[in-house]
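In: structure, please.
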Amino acid sequence: MVFALILLVLLILSLFGNLGQLTSSVVKVSGSHTRTHMAGPQLIEAVLEDNDAKNKIAVVDVGGIITSSALDRSGFTMVDLIKAQLDLARDDSHVKAVILKVDSPGGEVLASDEIYQAIKHFQEGESAHPGKPVIASMGNLAASGGYYVSAPCRWIVANEMTITGSIGVIMHTWNYRGLMNKVGLEPEVYKSGKFKDMLSGSRDKSEIPAEDRAKEKAMVDSLIQEVYGKFRGVVNEGRTNAYALNSKGNEPGKALVKDWADYADDRVLSGTEAQKLGFVDELGNFDKAVERARKITGISSANLVKYEQRYDIGDFFRIFGKTESPTVKLDLGMDLPKLQAGHLYFLSPTLLP
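Out: Next up is the predicted model:
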């Protein structure tokens, strides 16, 4: 009875809290105001380092596989979360710069490009909201899609032993027809054209005319090369623009070497190698990135903040509504990437288990 009453009180408080969220889009945290987005993730500002300053530097994390899949039961994706964080940093006049903290082997092409576009737009700004610099701070890993999202940043900082580069595209699929034949399964396919199922894993390659197989390979290669060309264009544009902007100051950063494209051939690079080639501006850790953000914006001190998802008592009650069957997970010390057949990825294959 007592427990039921407590739950009832909590439910009533949750209802009033949700009503308050509908009538106001302002959340007050530690003396500052942070706007939440009713159509996106509900975020609040958390202070990472309080330097008793009016100015702020916002830290945005890009960790793990870059994906468009929902992160949790809320349905929001990594792209949604990063866009919402950039929106808050843009709207807060006290935020002078953003540090993009990257530790990722890459991921989906579309998700990587959407994050890239969001960062680019954030830095360019608009009439109502002037652009603000984004400084990339690379951790253990910032390869392929991890570098793709870093490329538009005003300044890139990497550790000497950061694994980066891997500028390339991969498409992954399986052909399991041999296994099907062993267990007595034979597919029946009805299609409008002979190339409709060219990425299907159930096809018997021995039954495909050599001419058709050559055409299929040419089509897939053309698609991959098109996306790869886009990747190289993003790198060239981002690094060239950053060098031009940084050259106006006392420290211009690193320009791409003339033969940089020869090293954009899917190979992975250490932070030291990347800096020599102009893919990275400076060697250092996260503190070096913070120092660089202060130099670029011309501020002497700033609080470090980040935006975290806001959970209320309603999320507590949703725990009791889960209907998924229990699963057993094997902890291998890392999250294995879930590659989907036929999808394009900015992902370093040398880093796959």
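In: so who does residue 306 touch?
Out: 45-46, 48, 58-61, 85 (Cβ atoms under 8 Å, 6 or more residues apart in numbering). To be clear about C-beta, it is placed using only N, CA and C from the backbone, and glycine gets the same treatment.
In: residues near the spatially closest residue to residue 231 that is not a sequence neighbour, how many?
Out: Using Cβ to Cβ, 6 or more residues apart in numbering and skipping the chain neighbours, the partner closest in space to residue 231 is residue 167 (5.8 Å). Using other Cβ atoms under 10 Å, residue 167 has 28 neighbouring residues.
In: what ranges does the stretch 101-250 of the chain have for its strands?
Out: 106-108, 134-143, 155-158, 163-165, 170-171 (DSSP state E, counting those that start in this stretch).
In: helices or strands up against the last one?
Out: Which is strand 170-171. The contact analysis (3 or more Cβ pairs under 8 Å, 6 or more residues apart in numbering; DSSP states H and E) places strand 170-171 against helix 210-246, strand 344-347.
In: can you give me the buried ones in the longest one?
Out: It refers to helix 210-246. Buried residues in helix 210-246, counted by 16 or more other Cβ atoms under 10 Å: 227-228, 231, 234-235, 238-239, 241-243, 245-246.
In: quick check: angle from that helix to strand 134-143?
Out: Put simply, helix 210-246 runs at 150 degrees to strand 134-143, going by axes from the mean of the first three to the mean of the last three Cα atoms, to 10 degrees.
In: on that earlier part again, lowest average pLDDT across the helices and strands packed on strand 170-171?
Out: If you rank the helices and strands packed on strand 170-171 by mean pLDDT, strand 344-347 sits at the bottom with a mean of 66.
In: tell me which helix or strand residue 288 sits in.
Out: Residue 288 belongs to helix 286-297 when assigned by DSSP states H and E.
In: roughly how far does the closest residue to residue 230 other than its chain neighbours sit from residue 127?
Out: Excluding its sequence neighbours, the residue lying closest to residue 230 (Cβ to Cβ, 6+ apart) is residue 113, at 7.9 Å. Distance, residue 113 to residue 127, by Cβ to Cβ, to the nearest Å: 25 Å.
In: just residue 218 next, same as before
Out: 46 Å.
In: ok, residue 88 touching residue 305?
Out: No - with contact defined as Cβ atoms under 8 Å, residue 88 does not reach residue 305; the gap is 9.5 Å.
In: list residues touching both of the two?
Out: 45, 58.
In: more neighbours: these two, which one.
Out: Shown here are residue 88 and residue 305; by other Cβ under 10 Å, residue 305 has more neighbours (25 against 21).
In: what's near enough to touch that one?
Out: By Cβ under 8 Å, 6+ apart, the neighbours of residue 305 are 45-48, 56-59, 95.
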